[in-house]
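Novice: Sequence and predicted model, in that order:
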Amino acid sequence: MKNPILRRQFFNPATIPEDLSAGLVLGIQSIPDGLATGLLALVNPVYGLYGYMTGVFIGAFFTSSVLISVQATSAMALIIADVPEVTQATDPNIPLFTLAVLTGVIMLAAGLFKLGRLVRFVPNSVMVGFVNAVALLIILGQLDNLTGYQSTGPNRVVRTFDLLRHLDQMHRPTLVIGVLTIILILTWSGPD
């Protein structure tokens, strides 16, 4: 029996227009998404683009479906943002590279041992809680940008309490523009 990777069809002439269209849309969408992931991870936004390019290229050879899109997640970016060796280093390249390689090796090993099937044992309520916690951490992580006040503390919850203690030090024009932007997004992106 041949290796499944060698049996896989990498090129199908019948679907070239659809493949090009899908690749173009995903490529255009991945630029702001990659930059945002880098910002969320508190590293240079260009690193988010590098992660996207490397992940997509390597993922194309190891994924089992043509419908899978390999990309960074906000949950992983939040984990990286809480690693002081990355965010506080003068040169974060080595710890960031080490994290990326270790994550890739662990995920590759999990895939080879078919550990993805264990996800079905995770209750739906746990997944809902996880997604909501990630959303809350993203919101708390953006409060400094929204208010113009650089809070201090070891994590996002402590920094939020620091912000609440120093409401008088917020940059009001930044806050007004941020709130107006949120209002515009919510009013203009109504139900389709």
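Specialist: Yep, it's here. Residues are numbered from 1 along each chain as shown.
Novice: on contacts alone, who are the packing partners of the longest helix anywhere in the chain?
Specialist: Criterion DSSP state H: the longest helix present in the chain is helix 16-40. In terms of contacts (3 or more Cβ pairs under 8 Å, 6 or more residues apart in numbering; DSSP states H and E), helix 16-40 is packed against helix 45-62, helix 74-81. C-beta here means a position set from N, CA and C on the backbone, and glycine is covered the same way.
Novice: which of the residues in it are buried?
Specialist: Within helix 16-40, the residues scored as buried using 16 or more other Cβ atoms under 10 Å are Ser30, Asp33, Gly34, Leu35, Ala36, Thr37, Gly38, Leu39, Leu40.
Novice: wait, the fourth one sits on Tyr47?
Specialist: Read that as Leu35. No - at 9.6 Å, Leu35 does not count as touching Tyr47 under the criterion of Cβ atoms under 8 Å.
Novice: Find residues that contact each of the two.
Specialist: Shared contacts of Leu35 and Tyr47 (Cβ atoms under 8 Å, 6 or more residues apart in numbering): none.
Novice: what's the spacing between Ser74 and Pro173?
Specialist: Distance, Ser74 to Pro173, using Cβ to Cβ, to the nearest Å: 28 Å.
Novice: who's more crowded, these two?
Specialist: Ser74 (18 against 9; other Cβ atoms under 10 Å).
Novice: can you list the domain ranges for the protein.
Specialist: Per automatic domain parsing, the domain ranges recorded for the chain read 4-121, 142-192.
Novice: Among those, which comes closest to Val128?
Specialist: Ranking the domains of the chain by proximity to Val128 (Cβ to Cβ) places domain 4-121 first, at 13.8 Å.
Novice: now the closest one, how far from the centre of its chain.
Specialist: Offset of domain 4-121 from its chain centre (Cα atoms, centre = their mean, to the nearest Å): 9 Å.
Novice: In this structure Asn155 contacts Pro84, no?
Specialist: No - counting by Cβ under 8 Å, Asn155 stays clear of Pro84, with 10.9 Å between them.
Novice: pLDDT weak spots in this protein?
Specialist: Along the chain, the model assigns pLDDT under 70 to residues 1-11, 64-69, 190-192.
Novice: Would you map the strands across it?
Specialist: Counting by DSSP state E, one finds no strands in the chain.
Novice: Export the helices and strands packed on helix 16-40 as CSV, with columns for distance to Thr160.
Specialist: Conversion of the helices and strands packed on helix 16-40 to CSV gives the following (distance: least, Cβ to Cβ, whole Å):
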stretch, distance to Thr160
helix 45-62, 23
helix 74-81, 14
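Novice: Tell me which of the ones you listed is the most buried.
Specialist: Ranked by mean neighbour count, these are led by helix 74-81 with a mean of 18 (mean count of other Cβ atoms under 10 Å).
Novice: now that helix and helix 16-40, what's the angle there?
Specialist: Between helix 74-81 and helix 16-40, the angle comes out at 30 degrees (axes from the mean of the first three to the mean of the last three Cα atoms, to 10 degrees).
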